[in-house]
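Enquirer: sharing a model prediction with you, sequence too.
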Amino acid sequence: MNLVTFVPVIVVLLMIIVGTEISRAQLVASMRMPRALVGAALAQWLLLPLLAVIVIWLLRPPPALAGGLLLLATSPNGSLSNYYCSVARLNVAFSVTLTTISGFVALAAMPLLLAVTMPVALGVEAYRVPLGELTLRLVLSLLLPVAAGMGLRHFFPDAVERNGKAIRAFGLWLLALFLVLVFFDQRHAIVEIFAETVLLTVTFTALALAAGWYSGRVLRLNPADRAVLAIEFAVRNVGIAALLALTTFQQPEFAAFGALFVLLQAPVLILALLLNARLREQPPTGTRAD
């Protein structure tokens, strides 16, 4: 099976679906809270790659896992974060806006961060990061499809709204298909890396959740929006990461790590959301943030 043929198509379709979730009204509303958005974006792009490098230095995983973790840490937010926030009854509009901004910022930030972090974490000669090719692939697989989805919502708002649940369900099926394809193609490698991937996933996810939560405190967000920011920090765009792994870096093992990461991260996030829900149910002991 040639993943390079199927994965780009799936990723483009997923990004179009993400675009259909973005309305002009949401973008206008988000501009009313620039401090939170700018602060969240800066914190995310600075802290997550740093945390990934620290985890790699401490745990010393094989290069295939280290490279996969760096790709995820420098990738934009994953649209699954919107789903987690919806299930937890958090501020979905804030989540969608953060995901959108993260995608646009990724066009410039991701190539530069990979160019810095890969030599630092894996060695100067480990992997060459072609900035021009990487940026072009992000434009073709991220910017243009998201813009196309936004265009569909703008020109056909009634149809998109009426079929919203079906579109989101189709997106989840596409994500499941993507995971199945990667698992099947890399089934032997996945068996070998499973144990180390569990440790890397749990460690990085816990650190990312904590970084997002405390970044929200610094930005003076209310507890509910801090939880949104924590989820946004932890959930990465595995589709974009896998696409770059297979095309630009030609390392299918990176994609295998990403697929495992999504599945192994789910129970950690669910536990975090349950803990957050329980804390929110308790009566406050001090002054809540506005």
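Expert: Thanks, I have it.
Enquirer: starting at the chain centroid, how far to stretch 52-60?
Expert: In terms of C-alpha atoms, centre = their mean, to the nearest Å, the centre of stretch 52-60 is found 19 Å from the chain centre.
Enquirer: stretch 194-202 too?
Expert: Counting by C-alpha atoms, centre = their mean, stretch 194-202 is centred 18 Å from the centre of its parent chain.
Enquirer: give me the contact list for it.
Expert: Outside of stretch 194-202, the residues within contact range by C-beta atoms under 8 Å, 6 or more residues apart in numbering are 55, 59, 61, 62, 65, 69, 257, 260, 261, 264, 265, 268. Quick note: C-beta positions are derived from backbone N, CA and C, even for glycine.
Enquirer: which secondary structure element contains the first one?
Expert: Going back to what we said before, that points to residue 55. When secondary structure is defined using DSSP states H and E, the element that contains residue 55 is helix 34-59.
Enquirer: and that helix, what's its mean pLDDT?
Expert: For helix 34-59, mean pLDDT is 91.
Enquirer: that one packs against which elements?
Expert: Of the remaining helices and strands, those touching helix 34-59 by 3 or more C-beta pairs under 8 Å, 6 or more residues apart in numbering; DSSP states H and E are helix 63-74, helix 92-122, helix 187-218, helix 223-234.
Enquirer: any idea how far that helix is from the middle of the chain?
Expert: Once both centres are worked out by C-alpha atoms, centre = their mean, helix 34-59 turns out to sit 12 Å from its chain's centre.
Enquirer: returning to what we had before: quick check: which of the helices and strands packed on helix 34-59 is nearest to residue 156?
Expert: With respect to residue 156, and counting by C-beta to C-beta, the nearest of these is helix 92-122 at 18.8 Å.
Enquirer: where does the stretch 51-200 of the chain have low pLDDT?
Expert: Flagging of the stretch 51-200 of the chain using pLDDT under 70 yields the residue ranges 124-131.
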